[in-house]
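[1] Quick check, what structure comes out for this input:
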Amino acid sequence: MEFTWFKGHGTENDFVLLPDHDGTLHGDLDPAFVAALCDRRRGIGADGVMRVVRCTALGHNSPAEWFMDYRNADGSLSQMCGNGIRVFARHLLEQGLVEGPEFPIDTRDGLKFLSVVGDEIAVDMGAFTTGTHSKVSAAGQTWEALEVHTGNPHAVAFVDRVHDAGTLLEQPAFSESVYPEGVNIEFVERRGTHHVAMRVHERGSGETRSCGTGACAAAIATARADGAHDPTEYRVDVPGGTLHVTVEPERTVLRGPAVIVAGGTMEWRG
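    Below is the predicted model of the structure:
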């Protein structure tokens, strides 16, 4: 199989983009192919794959022209990816497939609105919900974690230091009754007023250098702990850089860098 590909990242959360504008080249992506493509030794290497396809090719009646068909590194479906959608937007802009500075992209989590802000891209992540407290465990320690849904499920735990979570080579323990479909787990360290650091273990991908929906979840949990009611911007430091999240009463806006670093045509031999 021969196909065109691009690779990009948002704060080092990296993705392979597969242009399939009319939905004819890739169809319904095979999970084994996605997992192999994301493998950093036998594939291109990435935290996930995004198929770039028109909404009309999928039969979607949407105000947006483009749909972000996102898959985790293990090939499983994901509803939303905050870093991924900004990289997706950067690709559309560089290829002349949208006219900026503002435009919509459709996702499994609904319509998202993107805007160019200087060298960065911002995305209105829409509504969020918070739920119960449960426990998460890693490196022999256990913390209380807040349930936050930002398109994906998250368990946000405040720690003294982000390194307290250990290597994160294995899935941290969590309450499967609260998260029956798995969960992204954020370990959050306060560093100042409206400033936190975060590490994340993503379901289906393991620890990643950054997670956009996770940064939003961390900011939401911090705003809740701070008792913030007015729109408040939080700086979220991740291993791959810095993101900014504005938490409003009913939505969040995520802003950060998004870069396309490579592209080409490839004959896949598995």
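[2] tell me which element the closest residue to R42 other than its chain neighbours is part of?
    The shortest distance from R42 to any non-neighbouring residue, by C-beta to C-beta, 6 or more residues apart in numbering, is to A36 (6.2 Å). (Glycine included, C-beta is placed from N, CA and C.) Using DSSP states H and E, A36 maps to helix 31-38.
[3] Now do whatever helix or strand comes next after that helix: everything it contacts.
    Counting by DSSP H and E, the next helix or strand C-terminal to helix 31-38 is strand 48-54. If you take C-beta atoms under 8 Å, 6 or more residues apart in numbering as the criterion, strand 48-54 is touched by 15-23, 26, 29, 34, 37-38, 65-73, 78, 81, 84, 87-88, 91-92, 205.
[4] Contacts for the following helix or strand past strand 48-54 next, please.
    Remark: after strand 48-54, the chain's next helix or strand is strand 66-72, criterion DSSP H and E. Strand 66-72 has contacts (C-beta under 8 Å, 6+ apart) with 29, 31, 34, 47-55, 58, 60, 77-78, 80-81, 84-85, 88, 92, 97-98, 105-108, 202-205.
[5] Can you spell out the domain ranges of the protein, please?
    Per the record, the chain has its domains at 2-125+257-267, 129-250, by automatic domain parsing.
[6] How far does the first one stretch from one end to the other?
    Put plainly, it is domain 2-125+257-267. One end of domain 2-125+257-267 to the other measures 4 Å (C-alpha to C-alpha, to the nearest Å).
[7] What average pLDDT does that domain get?
    Across domain 2-125+257-267, pLDDT averages out at 95.
[8] in the chain, which helix has the most residues?
    Ordering each helix of the chain by length in residues (DSSP state H) puts helix 212-226 first.
[9] returning to what we had before: export the domains of the chain as JSON lines, with columns for mean neighbour count.
    Listed next are the domains of the chain as JSON lines, based on neighbours: other C-beta atoms under 10 Å:
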{"stretch": "domain 2-125+257-267", "mean neighbour count": "19"}
{"stretch": "domain 129-250", "mean neighbour count": "20"}
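[10] For G140, which non-adjacent residue is closest in space?
    That would be G166: by C-beta to C-beta, 6+ apart, it lies 7.7 Å from G140.
[11] Tell me the spacing between that neighbour and A139.
    Applying C-beta to C-beta, to the nearest Å, the value for G166 to A139 is 3 Å.
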